[in-house]
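[1] here is my input; please provide its structure:
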Amino acid sequence: MPFEQAFDGPIIVTRFHGTLSNNDLVRMSDMINELERTLDVAPHRLTDLRGVRKIEVHYPDVQGFADRRTTVTIRNSVRAAIVVATPREFGFARMFQTLNNNPKIDVEVFTDEQAARDWIAAAP
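    I've put the predicted structure just below:
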């Protein structure tokens, strides 16, 4: 599996590595949806793309991923920090940030993991 997902304190951290495909996005989305259904409070999340070496995801895939996240019912507002290292990763993350229409998901893109964690920790 080209990603790992685990709780790190109160947040769920997903770290991608290798080749990122649309199937990976769908699996990650399904895993988060299932997790959110089992918890009383939806956790904030940090997604780390710094281990990605190749992105095989295109605009329609990101639009589909954003659409899936828009249609889910989330019990509370969450912060979603995306950590990137390259301009390619930044572009991918900004595409999702722009397409995100779920008012309960606040997305920000960072190049520094500690800054991302600080932003999550400052959530109201």
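[2] where in this protein is the helix or strand with the lowest mean pLDDT?
    In the chain, no helix or strand scores lower on mean pLDDT, DSSP states H and E than helix 59-71, which sits at a mean of 87.
[3] checking my notes, residue 103 in a strand, right?
    No - counting by DSSP: H, G, I helix; E, B strand; the rest coil, residue 103 is not found in a strand; it is coil.
[4] against residue 39, how distant is it?
    Residue 103 sits 20 Å away from residue 39, going by Cβ to Cβ, to the nearest Å. From N, CA and C alone the C-beta is placed, and that goes for glycine too.
[5] on that earlier part again, same for the least confident helix or strand of the chain, what does it pack against?
    Packing partners of helix 59-71 (3 or more Cβ pairs under 8 Å, 6 or more residues apart in numbering; DSSP states H and E): helix 22-38, helix 87-99.
[6] mean neighbour count added to those helices, as CSV?
    Listed next are the helices and strands packed on helix 59-71 as CSV, based on neighbours: other Cβ atoms under 10 Å:
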stretch, mean neighbour count
helix 22-38, 15
helix 87-99, 16
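[7] identify the bridge partners of the one residue sitting closest to the centre of the chain.
    Taking Cα atoms, centre = their mean, the centroid of the chain lies closest to residue 47, which sits 4.7 Å from it. For residue 47, the beta-bridge assignment (DSSP bridges) gives partners residue 14, residue 82.
[8] isn't it right up against residue 79?
    No - counting by Cβ atoms under 8 Å, residue 47 stays clear of residue 79, with 11.3 Å between them.
[9] what is in contact with these two at once?
    Common contacts of residue 47 and residue 79 (Cβ atoms under 8 Å, 6 or more residues apart in numbering): none found.
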